[in-house]
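Enquirer: let's see this in three dimensions:
(3 chains)
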Amino acid sequence: MKARPVGLIDSIPFETVGVAVFALTGALVAARKGMDPFGFALLATVTGVGGGTLRDLLIGTRPVFWVGDPGDVLVCLMVAGIVFALGPRRVAALDGGRRGRALLWADALGLALFAIGGTSKALAADVPALSAVALGTVTATFGGIIRDILAGTTPLVLRKEIYVTAAALGAGVMVGLRALGLDPFACSAAGFAAAFGLRALAILRGWSLPVFPQRDGNG
Amino acid sequence: MKARPVGLIDSIPFETVGVAVFALTGALVAARKGMDPFGFALLATVTGVGGGTLRDLLIGTRPVFWVGDPGDVLVCLMVAGIVFALGPRRVAALDGGRRGRALLWADALGLALFAIGGTSKALAADVPALSAVALGTVTATFGGIIRDILAGTTPLVLRKEIYVTAAALGAGVMVGLRALGLDPFACSAAGFAAAFGLRALAILRGWSLPVFPQRDGNG
Amino acid sequence: MKARPVGLIDSIPFETVGVAVFALTGALVAARKGMDPFGFALLATVTGVGGGTLRDLLIGTRPVFWVGDPGDVLVCLMVAGIVFALGPRRVAALDGGRRGRALLWADALGLALFAIGGTSKALAADVPALSAVALGTVTATFGGIIRDILAGTTPLVLRKEIYVTAAALGAGVMVGLRALGLDPFACSAAGFAAAFGLRALAILRGWSLPVFPQRDGNG
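Expert: Now for the predicted structure:
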C-alpha cells in the first residue's frame, strides 16, 4: 500500500482549515472550562490534529502528519492564543452565549472538512471504498469526540441531531463520485457540500433521523 | 519482527465472531441511548473493531486490519442495522430489560474471543510471552472500554466482578500451552474456555476477587 | 526518519522510573476505586506505559516499546502488586488521606520524567523542534489523562493549577538547550528540573497562570 502524492488543491487547504476550526472548537471549550493558556494550547492542539492523527495511525502513515511537519501544530497554538487573548466578553459574543453557536458551526465546518480530507488521504493510500468511507467518518468525528471526553461534556456525537450521518454522507458522496472517475477536486467539493449542508440543516432546523426509542430513563 | 501467516481456523472465525458480538454490545448501548441509525453504526463499529485496532497499532501491523479488508466493518454495520430494525420491544426482550443480560453475555463472549485473538496475533508477531499476555488482555478489554467511555457509562472493567482477570487468564493459558508446544487450535480453545468460563461464573454467581477496601466515599 | 541509538544515561533510567511512578498513580487510583488485583494491574500498566505508547505511535516506532521488551510491563505489575499488598491502612498513610498527596507527587515526577523522555526520543527520531516539544508535552500528560478518564475522575490536566505548562516548559527547555549544542544529559537534567520544579511549586503554593474567566456556570 503505497501512498501516491495528493494534489495541493485536493487536500492541503482543506486539511489546515479543518485543523484550525477544530482547534477553535477546542479553544472555545477551554474558555468555557476557564483554563489557563497552556490548557487552551493542549485542548486546541489535541482537538485540531486528533482526527488526522487517528487517520494516519489507522492507515499506517508514519510518522503522523504533524510530527514530520509541525505547521498544523503552530496553527493550533495560534488559534489558542488568539481566543485566549480575545478575552471573555468577545469570546462570549463570538460563541453566542449559552447556545454555543460558534462552537457548533466551527465543529460543523471541521466535520465536513475532515470527512473529505480523511477520505481523500484514505483513497490516496488505495484502501477499499468502504474503508475509505469509514476512515473519513471516524476521523471527521474523532477530533470532537476527544475534545468532549477531555472536557467531560456529553459528546456532540451522542446528540439526537444528525451528526455522524453528515460525515458519512460526505465521505460516501466523495467515494462514489471518485469511483465514477470524476475530477478529484469536484468530488471533494461535492462531498464537502453534502456533509456541511446536511449538518447545517440539522443545526438550523433541528433535523434528526428517526431515533431508537429509549426503553427507560436509566440509559 | 515479521508476522507469519496465521492459520484460518486459528484466528479468522474467532476474530469475526468477536467483532460481531462486540458490535452487538455497541448497538445495544446505542439502543439504550436512543441514537439514530448512524449513531448505531458508529458505536457498533468502534466497539467491534476497537480492540483489534489497538492490538494492530501496538504490534505495528499496518494498515490496521479493517482498513485493508473492510469485511469486519461490514459485519458491524449489519449488526447495527439488524438491532435498529428489531425495534425497542424485541431489543428489550433480547437485552433482558434493566439487567442488560444480553449485553453482559455478548461482552463476555467478545472478551474471551479477543483475549485469544489478540494473543494469537501477538504470538504470530513473535513478541515475548509477557507482551503477548498483555496484548491479549488489553485488546480484549479495550473495545468495551471505549464503548463505555463514548456512552458515558461506568466501564464494565471498573466493576467489582471478575473481568480483566478472565481476559488475562485466557491469554495466560493460551501462551502457557503454546510454550509447551501444543497444537495452536487446542491452545486457543483452552484459552477461550478459561476466559469465557471464568467470566460466565462471575456473571452467574457474582464471583469476584478480594478487592482493595475503599478508604472513603469520595474515591 | 531513522532513529539513532540513545545513550543509556540519557533515556533508559528516566523512562523506567517514569513508568514506575505513573504505574504507582494508577495503582493508587485503583485503590481509591476498590478494584481487584487484576484491576490494579490493568490501571497501573495502562497509566505506566500509556504516555510512551502514544509517543511511539506518533513517531512511528514499531512495535511500541513495551511490546518488544516487556520489562516495563513487569515493573507496572510489580508496582500494582506491591500497592495491593500494602493494604488500605498503609496506602492511606502513603497517599495522605483525602488530600491524595502521594498521587499528586508521583504524578508530578512522572510528568517531568516523561516530558524529557518523550522529548528525548522525539529528538532521537530527528523530528522538528516544535514537534519534539509537542510530543514531550502530549506524552507527559497522556498517561494521567487516560488514568483519570478510565477512573471517571476529573483529569488533573483540567485543574486550574499549572500542569500542562510544566510539561511544556520542561520539553521546551530541553529542546532549546539541545539546539545550543549542550551535553544531552545536562539538557535532560535541566528539562527535568524545570518541569518538576514548576509543578512542585504549583502543588506546594497553588501556583496557577491567569485563567480564562468562565462566563457562566454551565461550562
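Enquirer: up against chain C, what does chain A have?
Expert: For chain A, the residues in contact with chain C (Cβ under 8 Å from any Cβ of the partner chain) are A:30-42, A:45-46, A:53, A:57, A:62-64, A:66-70, A:73-74, A:84, A:88, A:91-92, A:97-98, A:149-153. All C-beta spots, glycine's among them, are computed from the backbone N, C-alpha and C.
Enquirer: quick check: the residue of chain A nearest chain B.
Expert: Distances between chain A and chain B by Cβ to the nearest Cβ are smallest at residue A:60, namely 2.7 Å.
Enquirer: looking at that residue now. What's its pLDDT?
Expert: In this model, residue A:60 is scored at 91, pLDDT.
Enquirer: residue contacts, it?
Expert: Contact partners of residue A:60, counting by Cβ atoms under 8 Å, 6 or more residues apart in numbering or on different chains, are A:1, A:125, B:62, B:63, B:64, B:67.
Enquirer: ok, residue A:26 next?
Expert: The contact partners of residue A:26, taken as Cβ under 8 Å, 6+ apart, are A:40, A:43, A:44, A:45, A:46, A:47, A:48, A:76, A:80, A:147.
Enquirer: rerun that using 6 Å as the cut-off
Expert: A:43, A:44, A:47, A:147 (Cβ atoms under 6 Å, 6 or more residues apart in numbering or on different chains).
Enquirer: could you list which of these belong to helices?
Expert: Among the contacts of residue A:26, the members falling in helices (DSSP state H) are A:43, A:44, A:47, A:147.
Enquirer: so which of the residues of chain A next to chain C also contact chain B?
Expert: residue A:57 (Cβ under 6 Å from any Cβ of the partner chain).
Enquirer: out of the residues of chain A next to chain C, which are buried?
Expert: The neighbour count (16 or more other Cβ atoms under 10 Å in any protein chain shown) marks A:30-42, A:45-46, A:53, A:57, A:62-64, A:66-68, A:70, A:73, A:84, A:91-92, A:149-152 as buried among the residues of chain A next to chain C.
Enquirer: quick check: residue A:102 touching residue A:94?
Expert: Yes. Counting by Cβ atoms under 6 Å, residue A:94 is a contact partner of residue A:102 at 5.0 Å.
Enquirer: just want the residue of chain A that's nearest chain C.
Expert: Nearest residue of chain A to chain C, counting by Cβ to the nearest Cβ: residue A:62, 2.7 Å away.
Enquirer: just want the phi and psi numbers for the closest residue to that residue other than its chain neighbours.
Expert: Closest residue to residue A:62 in three dimensions, ignoring its sequence neighbours and counting by Cβ to Cβ, 6 or more residues apart in numbering or on different chains: residue C:60, at 2.7 Å. The phi and psi values for residue C:60, taken as degrees, to the nearest 10, are phi 100, psi 10.
Enquirer: measure residue C:60 to residue B:198 for me?
Expert: With distances taken as Cβ to Cβ, to the nearest Å, residue C:60 is found 37 Å from residue B:198.
Enquirer: repeat for residue A:46
Expert: Counting by Cβ to Cβ, the gap from residue A:46 to residue B:198 is 37 Å.
Enquirer: please apply the same query to residue A:123.
Expert: 44 Å.
Enquirer: low-confidence stretches in chain A?
Expert: Residue ranges of chain A with pLDDT under 70: A:1-14, A:96-100, A:215-219.
Enquirer: for it, what lies in contact range of chain B?
Expert: A:57-60, A:127-128, A:130-131, A:134, A:164-165, A:168, A:209, A:211-215, A:219.
Enquirer: can you say which of these are buried?
Expert: A:57-60, A:127-128, A:130-131, A:134, A:164-165, A:168, A:209, A:211-212, A:215.
Enquirer: identify the farthest-apart pair in the residues you listed.
Expert: A:60 and A:215 (41.0 Å; Cβ to Cβ).
Enquirer: how about the strands in chain A?
Expert: In chain A, no strands are found when defined by DSSP state E.
Enquirer: helices along that one, start to end?
Expert: Going by DSSP H, chain A shows helices at A:8-32, A:37-59, A:65-68, A:71-95, A:101-124, A:129-151, A:164-179, A:184-205.
Enquirer: dump the ones you listed into CSV; add distance to residue C:143 as well.
Expert: As requested, these are exported to CSV (distance: least, Cβ to Cβ, whole Å):
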stretch, distance to residue C:143
helix A:8-32, 20
helix A:37-59, 14
helix A:65-68, 19
helix A:71-95, 20
helix A:101-124, 27
helix A:129-151, 14
helix A:164-179, 30
helix A:184-205, 35
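Enquirer: which one of these lies closest to residue B:107?
Expert: Once the helices of chain A are compared by Cβ to Cβ, helix A:129-151 is nearest, at 20.7 Å.
Enquirer: give me the contact list for that closest one.
Expert: With contact meaning Cβ under 6 Å, 6+ apart, helix A:129-151 is reached by A:22, A:26, A:29, A:33, A:47, A:50-51, A:54-55, A:107, A:111, A:114-115, A:118-119, A:122-123, A:155-157, A:164, A:167-168, A:171-172, A:175, B:67, B:70, B:73.
Enquirer: please apply the same query to stretch A:198-208.
Expert: For stretch A:198-208, contacts defined as Cβ under 6 Å, 6+ apart pick out A:104, A:108, A:111, A:160, A:161, A:162, A:166, A:169.
Enquirer: same check on stretch A:66-81?
Expert: Here stretch A:66-81 has contacts from A:19-20, A:23-24, A:27, A:40-41, A:44-45, A:48-49, C:58, C:127-128, C:130-131, C:134, using Cβ under 6 Å, 6+ apart.
Enquirer: kindly report the same for stretch A:155-173.
Expert: A:111-112, A:115-116, A:119, A:133, A:136-137, A:140-141, A:144-145, A:148, A:190-191, A:194-195, A:198-199, A:202, A:207-208, A:211, B:38-39, B:42.
Enquirer: and that stretch, how far out from the chain middle?
Expert: With Cα atoms, centre = their mean, to the nearest Å as the basis, stretch A:155-173 stands 11 Å off its chain's centre.
Enquirer: how much space between residue A:108 and residue A:199?
Expert: As judged by Cβ to Cβ, residue A:108 and residue A:199 stand 4 Å apart.
Enquirer: for these two, indicate the residue with more neighbours.
Expert: The neighbour comparison of residue A:108 against residue A:199 (other Cβ atoms under 10 Å in any protein chain shown) goes to residue A:199, with 27 against 24.
Enquirer: number of residues surrounding the spatially closest residue to the more buried one that is not a sequence neighbour?
Expert: Distances taken as Cβ to Cβ, 6+ apart put residue A:166 closest to residue A:199, at 3.9 Å, once the chain neighbours are dropped. Neighbourhood size, residue A:166 [other Cβ under 10 Å]: 29.
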